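A.B. asks: A structural model of the following input is requested.
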Amino acid sequence: MKDERKIVGVSKTVFVLGIVSFLTDISSEMLVPILPLFLTFVLGASGEALGLIEGVAEATAQLLRVWAGYLADRFGRPKMLTSLGYGLSAIAKPFLIIASSWPQVFAIRFSERFGKGIRSAPRDVLIADTTDQATRGRAFGFHRAMDTAGATLGPVVVLALGWFVFGRAFLSTPGKQHEDIYRLIFIAAAVPAVLGWLVLQFFVRERPKPAGEVKKPTLSLAGFDPRFKVFLFVLAVFGIGNSSDAFLVLRATNSPIGMDLFRFLLVYVTFNALSTVVAFKSGVLSDRIGRKPVILAGWLVFAASYLGIAMSKTPTGIWVWFTVYGAYYGMTEGMLKAFAVDLAPTNLRGTAVGSFYTITGLAALPASVIAGVLWRQVGHSAPFYYGAATSLAAALMLAIMVRPAHRDQTA
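C.D. replies: Reported below is the predicted structural model:
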């Protein structure tokens with residue numbers, strides 16, 4: 001499959017998967033800045049409940065990926081799992097329209113993230129199988145850029161829809177009075193999710209590998225060298241402080257900052273726009289200088305932005321540091337996966353990506369639960385001070401303890 005024709009410097013498969021992620025993330029990011037507000041202001045969920053919902057949802061998505069990655073390696077048919085995952089997520093989202101309690105939202109988020117868990121590692125295998133190591137950073141960076149471009153457009157759609165339908169009422173501080181707005185957004189978000197699934201079905205073609213090329217991996221780390229295992233440990237240290245972005249939403253919209261919904265969505269658009277630009281540039285840069293220095297820089301940006309958000313007392317401060325936070329996403333999301341693939345044997349790429357997601361998933365639940373407790377019991381800045389500290393510790397360990405892959409020795 002590596003002889004596929006190129007579109008904007010990447011294989012056709014990578015390009016089409018970028019379109020799929022673009023559409024899917026329009027849908028997802030229409031919900032991300034809205035759902036925490038719906039939960040807290042309309043359904044009355046506490047900080048602990050929000051942390052539980054988001055922690056379990058993200059942990060589910062991450063933990064399933066190792067099984068999905070293993071199955072992609074085991075049977076050599078990653079498209080089937082990718083399609084199943086995108087389809088399940090598209091079906092689950094519309095049920096938010098009828099949710100009347102936070103446990104119902106919990107069940108819907110669980111189902112939607114279940115789909116994400118099934119699709120992500122097999123999709124990354126499709127990307128890796130159509131690229132070589134010299135251009136893999138570009139491929140993952142392109143995919144991440146398309147992902148974040150959709151994430152940028154999602155809040156823009158929310159802004160346009162809210163203003164067109166509700167006018168000046170959309171400008172008020174978030175509260176229960178926005179319930180009709182939230183439910184309309186839930187309906188609209190289902191449309192691009194379905195379109196993304198259709199694009200995947202009709203335009204991504206999988207060529208099954210010959211039987212002799214499909215090796216039967218075991219679901220273990222036995223086939224990986226120590227560098228990969230140390231890398232997973234460092235990921236866990238970082239992940240234990242990387243709580244759900246729902247707490248960033250609450251930080252911006254709650255006292256003492258109290259941004260109105262319209263202005264916060266503008267901040268969210270700016271955040272995603274910077275992430276989009278940085279993602280592709282970081283991928284190309286990592287092919288030149290190595291993944292490791294790019295990841296290190298991203299984690300340092302994370303620490304700085306979390307400290308800035310923790311200390312901010314004005315909307316301007318949130319605007320600045322939330323935007324800087326977008327650079328962290330662009331610098332690390334695709335690069336961490338590319339680095340994991342670089343450290344893995346060719347026949348264990350799916351398991352490598354799945355293991356990467358599993359470790360981050362194991363950390364996601366306690367990270368968000370801890371953040372919820374700190375939010376309510378200590379103060380609204382506490383989760384961000386905690387996250388900054390763990391990210392600095394992880395960056396130090398990555399710098400000292402993890403040697404890059406052979407192609408990545410410039411790091």
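
A.B. asks: where does the prediction get shaky in the stretch 151-300 of the chain?
C.D. replies: Flagging of the stretch 151-300 of the chain using pLDDT under 70 yields the residue ranges 207-222.

A.B. asks: tell me where it has helices.
C.D. replies: 179-203, 226-239, 246-253, 261-289, 291-311 (DSSP state H, counting those that start in this stretch).

A.B. asks: can I get these in TSV with mean neighbour count?
C.D. replies: Quick note: C-beta positions are derived from backbone N, CA and C, even for glycine. Formatted as TSV, the helices of the stretch 151-300 of the chain follow (neighbours: other CB atoms under 10 Å):
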stretch	mean neighbour count
helix 179-203	18
helix 226-239	19
helix 246-253	24
helix 261-289	21
helix 291-311	22
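
A.B. asks: which stretch among the ones you listed comes nearest Ala134?
C.D. replies: helix 261-289 (6.5 Å; CB to CB).

A.B. asks: circling back: nearest to His143 among the helices of the stretch 151-300 of the chain would be which one?
C.D. replies: helix 261-289 (8.6 Å).

A.B. asks: tell me what the closest one is packed against?
C.D. replies: Using 3 or more CB pairs under 8 Å, 6 or more residues apart in numbering; DSSP states H and E, the elements in contact with helix 261-289 are helix 136-166, helix 246-253, helix 291-311, helix 315-342.

A.B. asks: check which element follows the strand or helix carrying Ala90 along the chain.
C.D. replies: Element membership for Ala90 (DSSP states H and E) is helix 78-92. Downstream of helix 78-92, the first helix or strand assigned by DSSP H and E is helix 102-129.

A.B. asks: give me the most central residue, the protein.
C.D. replies: Within the chain, one residue has its C-alpha closest to the average C-alpha position: by CA atoms, centre = their mean, that is Glu333, at 7.1 Å.

A.B. asks: CA atoms only for stretch 247-265, dumped as CSV, please.
C.D. replies: Extracted in CSV, the C-alpha atoms of stretch 247-265 (Å, rounded to 0.1, in the frame of the first residue of the first chain):
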residue,chain,number,x,y,z
PHE,A,247,-12.4,21.6,33.9
LEU,A,248,-10.9,24.2,31.6
VAL,A,249,-14.4,25.0,30.4
LEU,A,250,-15.6,25.3,34.0
ARG,A,251,-12.6,27.4,34.9
ALA,A,252,-13.4,29.9,32.1
THR,A,253,-17.1,30.1,32.7
ASN,A,254,-17.3,30.0,36.5
SER,A,255,-16.5,32.8,39.1
PRO,A,256,-14.3,34.8,39.3
ILE,A,257,-13.8,34.8,35.5
GLY,A,258,-17.3,34.2,34.4
MET,A,259,-17.0,34.3,30.6
ASP,A,260,-20.3,34.4,28.7
LEU,A,261,-20.9,31.5,26.3
PHE,A,262,-20.3,33.5,23.1
ARG,A,263,-16.9,34.8,24.3
PHE,A,264,-15.8,31.4,25.6
LEU,A,265,-16.6,29.8,22.3
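
A.B. asks: contact partners of that stretch?
C.D. replies: Contacting residues not belonging to stretch 247-265 are listed as 32-33, 36-37, 40, 47, 50-51, 155, 158-159, 162-163, 170-174, 178, 181, 267, 309, 312-315, 318, 322, 325, 368, 371-372, 375, 380-381, 383-384 [CB atoms under 8 Å, 6 or more residues apart in numbering].

A.B. asks: the helices of the stretch 151-300 of the chain: which one's closest to Ala344?
C.D. replies: Among these, helix 226-239 sits nearest to Ala344 (CB to CB), with 6.3 Å.

A.B. asks: same for the closest one, what does it pack against?
C.D. replies: Against helix 226-239 (3+ CB pairs under 8 Å, 6+ apart) you get helix 315-342, helix 349-377, helix 382-401.

A.B. asks: same thing but 10 Å
C.D. replies: Applying 3 or more CB pairs under 10 Å, 6 or more residues apart in numbering; DSSP states H and E, we find helix 226-239 packed against helix 291-311, helix 315-342, helix 349-377, helix 382-401.

A.B. asks: so Ala310 sits against Ala371, correct?
C.D. replies: No. Look at Ala310 against Ala371 with CB atoms under 10 Å: they stay out of range, at 11.9 Å.

A.B. asks: could you tell me which residues touch both of the two?
C.D. replies: In the contact map built from CB atoms under 10 Å, 6 or more residues apart in numbering, the residues linked to both Ala310 and Ala371 are 382-384, 386-387.

A.B. asks: now, among these, which is nearest to Ser11?
C.D. replies: The nearest one, if we look at those relative to Ser11 and count by CB to CB, is Gly387, at 36.1 Å.
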